[in-house]
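Q: Give me the fold of what follows.
(2 chains)
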Protein chains: 2
Amino acid sequence: MVNQVPRGDGSWQSFKSDSSGASTSGGDSSKDSSRCSTPVLEADRSDRLRDKMRRRTESGDRWFSLEFFPPRTASGAVNLISRFDRMGSGGPLFIDITWHPAGDPGSDKETSSMMIASTAVNYCGLESVLHLTCCNQTTHKITGYLEKAKRLGLKNIMALRGDPVGADWEEEEEGFNYAIDLVKHIRSEFDDYFDICVAGYPTGHPEAGSYEEDLQHLKEKVDAGADFVITQLFFRADTFLKFLDDCRAIGITCPILPGIFPIQGYQSLRQLVKLSKLEVPEEITKVIEPIKDNDAAIRNYGIQQAVQMCRVLLDSGKVSGLHFYTLNREVATMEVLRQLGLWTEDPRRPLPWAVSAHPKRRVEDVRPIFWASRPKSYIYRTQDWDEFPNGRWGNSSSPAFGELNDYYLFYLKSKSTKDALLQMWGDELMNEQSVYEVFTCYITAQPNHRGHKVMCLPWNDEPLAPETNLLKEELEKVNRRGVLTINSQPNINGKPSTDPIVGWGPAGGYVFQKAYLEFFTSSENVTALLQVLKKYEPRVNYHIVNVHGQNRTNAHDMQPNAVTWGIFPGREIVQPTVVDPVSFMYWKDEAFALWIEQWGKLYEEESPSRMIIKYIHDNYFLVNLVDNDFPLDSCLWQVIDDMFELLDTPPDPLNAT
Amino acid sequence: MVNQVPRGDGSWQSFKSDSSGASTSGGDSSKDSSRCSTPVLEADRSDRLRDKMRRRTESGDRWFSLEFFPPRTASGAVNLISRFDRMGSGGPLFIDITWHPAGDPGSDKETSSMMIASTAVNYCGLESVLHLTCCNQTTHKITGYLEKAKRLGLKNIMALRGDPVGADWEEEEEGFNYAIDLVKHIRSEFDDYFDICVAGYPTGHPEAGSYEEDLQHLKEKVDAGADFVITQLFFRADTFLKFLDDCRAIGITCPILPGIFPIQGYQSLRQLVKLSKLEVPEEITKVIEPIKDNDAAIRNYGIQQAVQMCRVLLDSGKVSGLHFYTLNREVATMEVLRQLGLWTEDPRRPLPWAVSAHPKRRVEDVRPIFWASRPKSYIYRTQDWDEFPNGRWGNSSSPAFGELNDYYLFYLKSKSTKDALLQMWGDELMNEQSVYEVFTCYITAQPNHRGHKVMCLPWNDEPLAPETNLLKEELEKVNRRGVLTINSQPNINGKPSTDPIVGWGPAGGYVFQKAYLEFFTSSENVTALLQVLKKYEPRVNYHIVNVHGQNRTNAHDMQPNAVTWGIFPGREIVQPTVVDPVSFMYWKDEAFALWIEQWGKLYEEESPSRMIIKYIHDNYFLVNLVDNDFPLDSCLWQVIDDMFELLDTPPDPLNAT
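A: Residues are numbered from 1 along each chain as shown, chains lettered A, B, ... in the order given. Here you go, the predicted structure:
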């Protein structure tokens, strides 16, 4: 039988299948294949770093990558993670995290290289390269680090020798003496699992016998299995271009990324030069020395110098990717990238939520809506799952969420300090109304009565999403009266997938939403609400629960309700968010706990402020509402209005029971 | 931790989870659960017969079931299968197929009880009960029948003794002497897999010592594991109601279904009475004897008598389901059911295609659109699959379709005879135009030039679907010019799920479609079409292939394209049909083969008519087109118009290449 594989290149295709081909194997081959598979909304999600690099290079695309070092303190870690989120939005092909042997780099400490890289991959969704130095390390230790990295979802290693400890370092017979030993070890112990990067020295490694000898070392590292090269920094484009030509001449064919160092200050330049034993060319020192006390002037010069050098590199036609030594700072690198036109803040999202880069989560394309503002918490609580929902959420009885006991994990922590939180949420609460005011100020982005803007809430560490802004007026009204909203989305009946506010997914598609509203409110309000909701059957689905687990719902069959979906050319339907009744019970534990953990604990135990938060925690209900009739105007505001109206109506003595 | 399960009954719910509960088990329990699970569009699909029966009885619903016997001939089998399709549309809770020991009932013959029951389940989607008699059978043989039934997807057995062969039958020490032996055997060998039905005798079994003794036997059968009882026929409602009371009095609590026999003719009544040793009451013989030669009169009386009796049964409040002995005829039973208001031809469909009742296919909710008019062929070709697509079609590389070599399997066969087909499709074809005329007459439902209506085509055994009728005018136009359409659907942008023509799924939802068109056409047309399609990138996806497997497509990534989907209250998205590039290559083999198998072979080998069909088979292309922009008017007709226009345009000598 003739069998065929259609191709997309427009030419006629035809080939014969061999006898073991799918066409003749009947039903058997279906055993091997799970019917649920990747939607491949974005091809990038499924490739290895070296494939992405190759594809972007082949397509003539230009790209960049960013290097960071691990922070010294826990609060530094919190800040670095926000920086990842911000700099990730400019579209780096990858980031890399340096390895600091002195800083317990493979540990679980929040400041370790390993944890920072893991967080970048898992929680920030960034393709990441973890540096690893092998000098003075045992095989056992190195293997342990690599195994841990693999377990955490890291897929790329920058293999380095690192600096020997102590002055009289000597080669060990069986040990790791050079980066090439590490490359070989990775390839022999982990096969092709990791993509491996190695360092190149455009002016030769300071300890190498000669430039030519160092080039040969690089060739050997690549031949041993390295996938690409990042170079040490340099100050002249020519330095790199000559190095590149020399590498090609001796047969190094893999990508070689120039390491770009935008000069950001006098001290950091001097320190770097000392460490790397590089010489700063006279044309640079000549400019810098006179302005060495003027940070801004040096940075401006550094930006201009880097842009100029990068332009030469890119214009050479030999360079398609640039690697930036950021020194953990944003401004200079972002400015260089902007001037080069490489900073592409693409407002389009592959899915409405940020996708994790862990290979296990590659196929994930459905999540409960509840964690929309706390995606890192969702990732944390589902990190032990072996399979992730793909295509549909599926059976309500499946999900098992990990407990969230440690609200202070650095990647889950608020970016604000305790003082800032007290300013926003109040040094002293007088009553429940004080709490309503905080919510209202958050919605309106107006300062509170002490003049501080409320930039976050325990359930939302960021200001209101642009989409939620569409609902601002209604939200303000209901929060003022104690309907304390923590999540909402408007209904959408087929907007283009490229819509700047609500769009997501590939171009040419249409996105849809059911209106959703989630809030805390008092039990008095819930009593009225339940009365009102009878009128909205079966249009509105609701789940209402308090901290003790008392709950009411009109969802008869425990099925998830898809509330966001998209239709795209040549694709199956994608439905990235659902309201899942069972997950809601896990979410409510987290949502109620945040009252105490993030807010209540700002105040002294037994203080009136703390008692008010505790009262709300103990007595309010968490409510979610879905309006299933997405083509019509949302009726959820009407539901709340009706509730208020019922509350405002004096009881009719004739109907009193 | 307090955990909860929301319930839909409107009351407050709360319970504590034990320590092994999902809430505390972290990620481990996700291992046990496939994330892909039943959408449960229709609760009925997932239940066992006894559960459905219980639920409908508890809800006060009234229902019916239908008994058939296996046909004598192959063409009888074809007819019976169409009868299943027709009578299935009235909504029987189940049908049952009698066991004819003389007719090789457990074989693979198309007339066997086993094959008929299997076809009813697998191809007609009917919940079915297979009778099985045990008298004079070895344990080995019985177990073999049961294993085969299970393998074929049958889940319900009516356990009977059957009539002993030979006059001097005696009980065997270790053998199957009574139905109860079979019930016990099923329960001991197959545990709870089968639902078991047993027979009850409202006037006592003819061989039983007494009515009371027979009641005790029934009690023993039920105690041995039977789930429900169907009674022998009777002529007076009182007979059944007394029997029912007597059963309840001795503790038989399971459902007891009255067996209703609408008298359909004098001979059949006499024969039945002889077999069952029942007496026909005088009030009936008095009416019938005088009209014994007037079939219509007897049938009318039978209908009236059955309706009257059923009304008494239903009005008693003790009966919620009626079992009909149809004698494989439709009219009388349907008329009784109509008069009783039990025949509920529900135009709403759970999915756009008919769902199979095989337990393996319980979760299936996605199919390629290609087999839309040949669902039985699709079921046949996928019968060996272990998993069925649920939620999404998934990876294109998965499906492995069985070959379709036997086009004459009775459940795949055309209902029309060879003569009828020749009348419709032409005794003699003159040229390709003669073929175009056949397609055009099928579309327009107008008689062909010999005055015969074309009621079917090799690819469609039924007249045009109401939905396709929406496209009638355009279809006629293009078929006339040799765009030979075999499948199409209009675009739909959110019609209510209850729409009588295009609706499906639960009420309160919205259904959507992308416009689809599939046709055979000449290679000249394809050349022009490919030219034209460039203008419609990326709005239109196409696949074009000939019988040799030469193919062209603009689907770059081999992903399925969802072309029908629905959004429902409290549900995930359902997308029951996709255009899958890989499946299309399997479908094209079948679609091209149908030219020869169903049409060409009507004519002598080497005859001009056969050569014309063979020419089309060898040279035409099969094309499918999807317009992805479902909210806009379909552009597919414009595509075809543009193709014709290009073909009609004299070549411009200046642009000639």
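
Q: what's the offset of the helix or strand in which residue A:479 is found from the middle of its chain?
A: Residue A:479 is part of helix A:472-480 when elements are defined by DSSP states H and E. How far helix A:472-480 lies from its chain's middle: 30 Å, per C-alpha atoms, centre = their mean, to the nearest Å.

Q: The helix or strand following it vs helix A:472-480, what angle?
A: Going down the chain from helix A:472-480, the next helix or strand is strand A:484-489, by DSSP H and E. Put simply, strand A:484-489 runs at 150 degrees to helix A:472-480, going by axes from the mean of the first three to the mean of the last three C-alpha atoms, to 10 degrees.

Q: tell me what the very next helix or strand once past strand A:484-489 is packed against?
A: Next along the chain after strand A:484-489, taking DSSP H and E as the criterion, comes strand A:492-496. If contacts are counted by 3 or more C-beta pairs under 8 Å, 6 or more residues apart in numbering or on different chains; DSSP states H and E, strand A:492-496 sits against strand A:510-513, strand B:492-496. All C-beta spots, glycine's among them, are computed from the backbone N, C-alpha and C.

Q: Name every strand pairing with strand A:492-496 and say which way it goes.
A: strand A:510-513 (antiparallel) (DSSP bridges).

Q: The closest residue to chain B within the stretch 301-450 of chain A: what secondary structure?
A: For the stretch 301-450 of chain A, the residue closest to chain B is residue A:384, as judged by C-beta to the nearest C-beta, at 2.3 Å. Reduced to three states with DSSP: H, G, I helix; E, B strand; the rest coil, the structure at residue A:384 is coil.

Q: For it, grab phi and psi.
A: phi -90, psi 0 (degrees, to the nearest 10).

Q: my guess is it meets residue A:403, correct?
A: No. With contact defined as C-beta atoms under 8 Å, residue A:384 and residue A:403 do not form a contacting pair (11.1 Å).

Q: Between those two, tell me which one has more neighbours.
A: Each of residue A:384 and residue A:403 has its neighbours counted (other C-beta atoms under 10 Å in any protein chain shown); residue A:384 has more, 16 against 13.

Q: What separation is there between the more buried one and residue B:541?
A: 39 Å (C-beta to C-beta, to the nearest Å).

Q: Now for the residue nearest the centre of chain A: which residues touch it?
A: For chain A, the residue nearest the mean C-alpha position is residue A:124 (1.9 Å; C-alpha atoms, centre = their mean). Neighbouring residues of residue A:124 by C-beta atoms under 8 Å, 6 or more residues apart in numbering or on different chains: A:81, A:84-85, A:88, A:354, A:357.

Q: One more pass at 6 Å, please.
A: Residue A:124 is in contact with A:84-85, A:88, counting by C-beta atoms under 6 Å, 6 or more residues apart in numbering or on different chains.

Q: ok, and the most crowded of these?
A: Tallying neighbours with other C-beta under 10 Å puts residue A:84 at the head of the contacts of residue A:124, with 24 neighbours.

Q: name the element it belongs to?
A: For residue A:84, the host element (DSSP H and E) is helix A:74-88.

Q: average pLDDT across that helix?
A: Per-residue pLDDT over helix A:74-88 has a mean of 90.

Q: for stretch A:352-370, same thing?
A: For stretch A:352-370, mean pLDDT rounds to 88.

Q: what residues does that stretch touch?
A: Stretch A:352-370 is contacted from outside by A:38-39, A:45-46, A:121-122, A:125, A:127, A:153, A:375, A:379, A:388-390, A:393, A:504, A:563-564, A:574, A:576-580, A:583, A:587, using C-beta under 6 Å, 6+ apart.

Q: partner residues bridging residue A:493?
A: Judged by DSSP bridges, the bridge partners of residue A:493 are residue A:512.

Q: isn't it right next to residue A:633, touching?
A: No. In this structure residue A:493 lies outside contact range of residue A:633 using C-beta atoms under 6 Å: 9.9 Å.

Q: coming back round to it: and chain B, which of the contacts of stretch A:352-370 contact it?
A: Checking those against chain B by C-beta under 6 Å from any C-beta of the partner chain, the ones in range are residue A:389.

Q: Tell me which of the contacts of stretch A:352-370 fall in strands.
A: By the criterion of DSSP state E, membership of these in strands covers A:563-564, A:574, A:576-579.

Q: got those as TSV, with distance to residue B:328, neighbour count and pLDDT columns?
A: Formatted as TSV, the ones in strands among the contacts of stretch A:352-370 follow (distance: C-beta to C-beta, whole Å; neighbours: other C-beta atoms under 10 Å in any protein chain shown; pLDDT from 0 to 100):
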residue	distance to residue B:328	neighbour count	pLDDT
A:563	50	25	97
A:564	51	27	97
A:574	48	27	94
A:576	52	26	95
A:577	52	26	96
A:578	47	27	96
A:579	49	27	96
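
Q: Near the residue lying closest to residue A:313 once chain neighbours are set aside, how many other residues are there?
A: Of all residues not flanking residue A:313 in the chain, residue A:319 sits nearest, at 4.3 Å (C-beta to C-beta, 6 or more residues apart in numbering or on different chains). Using other C-beta under 10 Å, the number of residues around residue A:319 comes to 21.

Q: Can you report phi and psi for residue A:319?
A: For residue A:319, the backbone dihedrals (degrees, to the nearest 10) come out as phi -120, psi 130.

Q: So the residue in the stretch 401-550 of chain A that chain B sits nearest to versus residue A:393, what's the distance?
A: As assessed by C-beta to the nearest C-beta, chain B sits closest to residue A:549 within the stretch 401-550 of chain A, at 3.8 Å. Distance check for residue A:549 against residue A:393: by C-beta to C-beta, it reads 22 Å.

Q: Looking at the two, which has the bigger crowd around it?
A: residue A:393 (28 against 20).

Q: give me every residue that touches that one.
A: A:366, A:560, A:578, A:580.

Q: Looks like the third one contacts residue A:562 (just checking).
A: Yes. With the criterion set as C-beta under 6 Å, residue A:578 and residue A:562 qualify as a contacting pair; they are 5.2 Å apart.

Q: can you give me the strands for the stretch 201-350 of chain A?
A: For the stretch 201-350 of chain A, the strands defined by DSSP state E, counting those that start in this stretch cover A:228-233, A:256-260, A:321-325.

Q: As CSV, those strands with mean neighbour count, mean pLDDT and distance to chain B would be great.
A: Shown next, in CSV, are the strands of the stretch 201-350 of chain A (neighbours: other C-beta atoms under 10 Å in any protein chain shown; pLDDT from 0 to 100; distance: least, C-beta to the nearest C-beta, whole Å):
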stretch, mean neighbour count, mean pLDDT, distance to chain B
strand A:228-233, 22, 95, 26
strand A:256-260, 24, 97, 28
strand A:321-325, 25, 96, 25
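
Q: Save these as CSV, and put in distance to residue B:203 too.
A: Listed next are the strands of the stretch 201-350 of chain A as CSV, based on distance: least, C-beta to C-beta, whole Å:
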stretch, distance to residue B:203
strand A:228-233, 89
strand A:256-260, 93
strand A:321-325, 91
